[in-house]
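Asker: generate a structure from the sequence data that follows.
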Amino acid sequence: MAAAKNPLLLLLPPVIAMALIIVLSNELVQHPINDWLTWGAFSYPIAFLVTDTTNRLLGAGSARRVVYVGFALGVALSLLVDLRIAIASGSAFLVAQLLDVWVFDRLRRQTWWKAPLVSSLLGSDFGAKLFMAATLLPVFRLIVAYYPQSLRRAEA
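Answerer: All right, here's what the predicted structure looks like:
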């Protein structure tokens with residue numbers, strides 16, 4: 001398998017996903033649902049799914065690489081959306097995702113759901129984001145369960 005021979009190919013799908021989530025969220029944050037909530041609150045937590053899945057399957061180092069490269073690409077593309085939003089959301093994103101990677105890595109050997117839930121909760125503290133973190137737990141479980149063992153680089 002080509003991905004097994006070139007570990008960078010394993011990171012390409014999560015990097016692309018991360019960049020697209022950032023761009024989408026930066027667009028959706030401009031569309032309010034009410035006085036205190038925007039549609040971006042529902043798209044952004046998907047970034048935690050990407051980070052946590054990468055962390056579980058490929059390790060914290062790979063997850064950090066996905067955050068850095070996806071962040072850079074996403075912010076660069078977001079400059080087409082709005083410069084102010086790209087800079088503000090990019091800064092917040094970087095801090096939240098790196099906190100998520102750090103917490104997840106420390107909890108990885110506990111029950112399967114603790115690391116993704118606790119790391120996402122600490123990385124995001126708004127109701128919609130917490131709801132999305134809980135909603136995405138089954139998706140995380142399915143991805144990890146069906147990811148080929150031969151491509152995993154981290155202890156699950």
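Asker: tell me, what residue is most central in the protein?
Answerer: Ala47 (2.6 Å; Cα atoms, centre = their mean).
Asker: wait, isn't that residue in contact with Leu98?
Answerer: No. Using Cβ atoms under 8 Å, Ala47 makes no contact with Leu98, being 11.8 Å away. In short, each C-beta sits where N, CA and C put it, glycine included.
Asker: list the buried ones in stretch 56-67?
Answerer: Arg56, Leu57, Leu58, Gly59, Ala60, Ser62, Ala63, Arg64, Arg65, Val66, Val67 (16 or more other Cβ atoms under 10 Å).
Asker: stretch 116-135 now?
Answerer: Going by 16+ other Cβ under 10 Å, stretch 116-135 has these buried residues: Pro116, Leu117, Val118, Ser119, Ser120, Leu121, Gly123, Ser124, Ala128, Lys129, Met132, Ala133.
Asker: now do the phi/psi pair for the third one.
Answerer: With angles defined as degrees, to the nearest 10, Val118 sits at phi -70, psi -40.
Asker: could you pull out the strands in this structure for me?
Answerer: In order along the chain, the chain carries no strands (DSSP state E).
Asker: residue ranges in the chain under the pLDDT threshold?
Answerer: 1-5, 126-129, 155-156 (pLDDT under 70).
Asker: longest helix of it?
Answerer: helix 83-107 (DSSP state H).
Asker: before we move on, back to that, can you redo the buried residues of stretch 116-135 as a markdown table with distance to Gln149?
Answerer: Below are those laid out as a markdown table (distance: Cβ to Cβ, whole Å):
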| residue | distance to Gln149 |
| --- | --- |
| Pro116 | 19 |
| Leu117 | 24 |
| Val118 | 25 |
| Ser119 | 23 |
| Ser120 | 25 |
| Leu121 | 29 |
| Gly123 | 28 |
| Ser124 | 30 |
| Ala128 | 35 |
| Lys129 | 31 |
| Met132 | 28 |
| Ala133 | 26 |
